[in-house]
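> sequence and predicted structure below; questions after.
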Amino acid sequence: MFIDFAEIYVKAGDGGNGAVSFRREKYVPAGGPDGGDGGDGGNVILKADKHLRSLADFRYRKHYKAERGQNGGSQKCTGRKGEDLVIKVPCGTIVKDKETGIIIADLVEDGQTAVVAKGGIGGKGNVHFATPTRQAPNFAKNGTPGEEKWIILELKLLADVGLIGYPNVGKSTLLSQVSSARPKIANYPFTTLTPNLGVVSMGIGESFVMADIPGLIEGAHEGVGLGHDFLKHVERTRMLIHVVDVAALEGRDPVEDFHVINRELKEYNEALAQRPQVVAANKIDVADEKKVKGFTETMENLGYTVFPISAATGRGVRELINYVYEMLKTLPEPEVFVPEVPEVVYRADIEEDFTIELENGIFVVDGPWIRNLLRGINFDDRESLQYFQRALKRKGVIQALEEKGIKEGDTVRIGDGMEFDYVP
């Protein structure tokens, strides 16, 4: 089954929590803190694999989660880092953030990887919070959450040459003639419902990839038929072979067919209309010679190179393929999409902003940074509480509350429900 679109949820591992621990050794009654750091959470990584052909596996599994980091231990032992989760996708997969639509990665080459969700940073153990005046800190810092998001996977076939044209003009037959591909072939429209790839061998160590792009009809750029599903695959190609039924067995005008398909390409993507094209005037074995000659002259007057062929019998096919191969040597590699914004290296230890809202006379302070700070505070310990108060001041929460008009005795709610009276 050929699937070229999928949406999946990815969650990187959370960082492990730092440990609260004290040395307890014989003859060392006050050994001091020795709580180790938590391990970093595992990343979610996508990896291109040339052996995969579609995104079908993602129909049955939508959620992917990396391993969290282990908590720190005593004797300054750091928790183990969470194992990265590597998800294999076909070469040619474009990765987008579902919420923003921004391209995260374009995985073209076999083995190419992209981190789509960064693991959280492990929390610091209490050994880091010891000072000359606070020699036995009874608190540590919790690990930060790993990134989580919904992402879109979109597969665009990687082919040197794309076969375009109306349904039933002989594209699949041509592909089967020049490669080992065996697409379904029958004498009715839309026989081909999925793109087919074939490797065209030109000798030892020399070959190129050809794709049969189905579903192109008038209105394809607006999504008529399966237009949008298949037009995107043309974007990866370096050149096009436009296959036309010069025998007009379907009762259409070959010249008009040619113009209709090119208009669809232009409407979908202006650059596609500028892609080098070679015209394959197919079915000459059953076509009137005058029609073939007239069609050829018309196309050549428009600046196109025309090869009269019979995909069914093989007549003229070798000449067409040789010409295409020589052209490919002069054409650049297909365009690779680049992220639309500079890559941002995620740092979970850089604390995120907070929000302050006034609800029924209560000042509500919330945000990922606040919630993570609360997780590492022991409110039964005076030193831990003092650390919490200093963190609020250092972050600017106290100043922001004052700017909001808070007064002595007003109630402040932090995170999930921790409330206290404001005392300046």
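Structure received.

> could you look up the SS state of the residue most central in space within the chain?
The C-alpha lying nearest the average C-alpha coordinate of the chain belongs to Val95 (CA atoms, centre = their mean; 1.2 Å). Here Val95 is recorded as strand under DSSP: H, G, I helix; E, B strand; the rest coil.

> quick check: it touching Ala105?
Yes. Val95 is within contact range of Ala105, at 4.5 Å (criterion: CB atoms under 8 Å). The way it works is simple: take the backbone N, C-alpha and C, and place the C-beta from them, glycine included.

> now do the shared contacts for the two.
Jointly contacting Val95 and Ala105 under the rule CB atoms under 8 Å, 6 or more residues apart in numbering are Leu46, Ala114, Val116.

> can you lay out the residues you listed as a markdown table showing distance to Ala12 and pLDDT?
Below are the shared contacts of Val95 and Ala105 laid out as a markdown table (distance: CB to CB, whole Å; pLDDT from 0 to 100):
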| residue | distance to Ala12 | pLDDT |
| --- | --- | --- |
| Leu46 | 13 | 96 |
| Ala114 | 13 | 94 |
| Val116 | 9 | 95 |
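
> may I ask which of those residues has the most neighbours?
With neighbours defined as other CB atoms under 10 Å, the most crowded of the shared contacts of Val95 and Ala105 is Leu46; it has 26 neighbours.

> dihedrals phi and psi, Glu256?
When read as degrees, to the nearest 10, the backbone of Glu256 gives phi -70, psi -40.

> next, count neighbours for it.
10.

> cool, and Thr131?
Applying other CB under 10 Å, we find 8 residues neighbouring Thr131.

> where does pLDDT dip in this structure?
The model of the chain has pLDDT under 70 over residues 1-3, 26-30, 180-195, 215-233, 334-353.

> coming back round to it: and the residue nearest to the centre of the chain, how far from Val292?
In this structure, Val95 and Val292 are 46 Å apart, going by CB to CB, to the nearest Å.

> the domain parsing of this protein - what is it?
Per automatic domain parsing, the structural domains of the chain span 5-155, 161-328, 355-421.

> now Asp49, nearest residue through space, not along the chain?
Once flanking residues are discounted, Asp49 sits nearest to Lys88: 4.3 Å by CB to CB, 6 or more residues apart in numbering.

> got the contact list for the one you found?
Counting by CB under 8 Å, 6+ apart, Lys88 has contacts Leu46, Lys47, Ala48, Asp49, Leu52.

> backbone phi and psi for Gly162, please?
The phi/psi pair for Gly162 (degrees, to the nearest 10) reads phi -110, psi 130.

> wait, what's in contact with the nearest residue to it once chain neighbours are set aside?
Counting by CB to CB, 6+ apart, the nearest residue to Gly162 once its immediate chain neighbours are dropped is Thr237, at 3.8 Å. Neighbour list for Thr237: Ala159, Asp160, Val161, Gly162, Ala211, Arg275, Pro334 [criterion: CB under 8 Å, 6+ apart].

> from Ile104, how far out is Thr237?
For Thr237, the distance to Ile104 equals 24 Å [CB to CB].

> how many neighbouring residues does Thr411 have?
For Thr411, the count of nearby residues is 14 (other CB under 10 Å).

> identify the residues contacting it.
Residues in contact with Thr411, defined by CB under 8 Å, 6+ apart, are Gly361, Ile362, Phe363, Glu419, Phe420, Asp421, Tyr422.

> so what's the backbone phi/psi at it?
Thr411 has phi and psi values of phi -90, psi 140 when expressed as degrees, to the nearest 10.

> measure it to Gly396 for me?
With distances taken as CB to CB, Thr411 is found 20 Å from Gly396.

> Glu270 now?
Between Glu270 and Gly396 the computed distance is 49 Å (CB to CB).

> which of these two has more neighbours?
Each of Glu270 and Gly396 has its neighbours counted (other CB under 10 Å); Gly396 has more, 12 against 9.

> check contacts around that one.
Taking CB under 8 Å, 6+ apart as the contact definition, Gly396 lies against nothing.

> got phi/psi on it?
As for Gly396, its main-chain torsions (degrees, to the nearest 10) stand at phi 100, psi 10.

> how near is it to Phe354?
Gly396 is 8 Å from Phe354, where distance means CB to CB.

> three-state assignment of Val260?
Secondary structure of Val260, reduced to three states by three-state DSSP: helix.

> thinking again about what came up before, what is the nearest of the shared contacts of Val95 and Ala105 to Gly198?
Using CB to CB, Leu46 is the member of those that sits closest to Gly198, with 26.5 Å.

> the closest one and Glu83, how far apart?
16 Å.

> same check, this time on Ile362
Between Ile362 and Glu83 the computed distance is 43 Å (CB to CB).
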